[in-house]
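Participant: Mind looking at a prediction? Sequence and model below.
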Amino acid sequence: MQGEKKERWMELAEKAAVEQDPAKLLELITELNKLLLEKEQRLGMKTTLTIRCPTCGAAPGKKCELTDGQPRADSHRDRRLIAKDPKS
């Protein structure tokens, strides 16, 4: 990948593909899984935040809120479902 920035998860996947030591392989796969989950959450959050929340009314670009006005750890279910719908 000349001239391109290779993501860390790609490097770990390449190493895991040839690793022979079971302990090292488990370590690589554990880190790879963590990085991919984080990436999935980042990408999902970006997509979800592009629409208004039908539950709490949070504007696009803003996090969903709890009833006391504090930010939620994740978006409301309906917002996530609408964001995943390819028709929306």
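Facilitator: Here it is on my side, so go on. Numbering: from 1, shown residues only.
Participant: So for the lowest-mean-pLDDT helix or strand in the chain, what gets flagged as buried?
Facilitator: Here the helix or strand of the chain ranked lowest by mean pLDDT, DSSP states H and E is helix 22-48, holding a mean of 85. Of the residues in helix 22-48, 28, 32, 35, 48 count as buried by neighbour count, 16 or more other CB atoms under 10 Å. Glycine gets a C-beta too; all of them are placed from N, C-alpha and C.
Participant: what's in contact with the helix or strand harbouring residue 83?
Facilitator: Using DSSP states H and E, residue 83 sits in helix 77-84. Applying CB atoms under 8 Å, 6 or more residues apart in numbering, the external contacts of helix 77-84 come out as 44, 47-48, 50-51, 53-55, 58, 64, 74-75, 88.
Participant: if we can go back for a sec, would you reformat the buried residues of helix 22-48 as TSV and include distance to residue 70?
Facilitator: Formatted as TSV, the buried residues of helix 22-48 follow (distance: CB to CB, whole Å):
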residue	distance to residue 70
28	38
32	33
35	29
48	18
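Participant: Give me the contacts around stretch 64-74.
Facilitator: Against stretch 64-74 from outside (CB under 8 Å, 6+ apart): 53, 55, 56, 58, 63, 75, 76, 79, 80.
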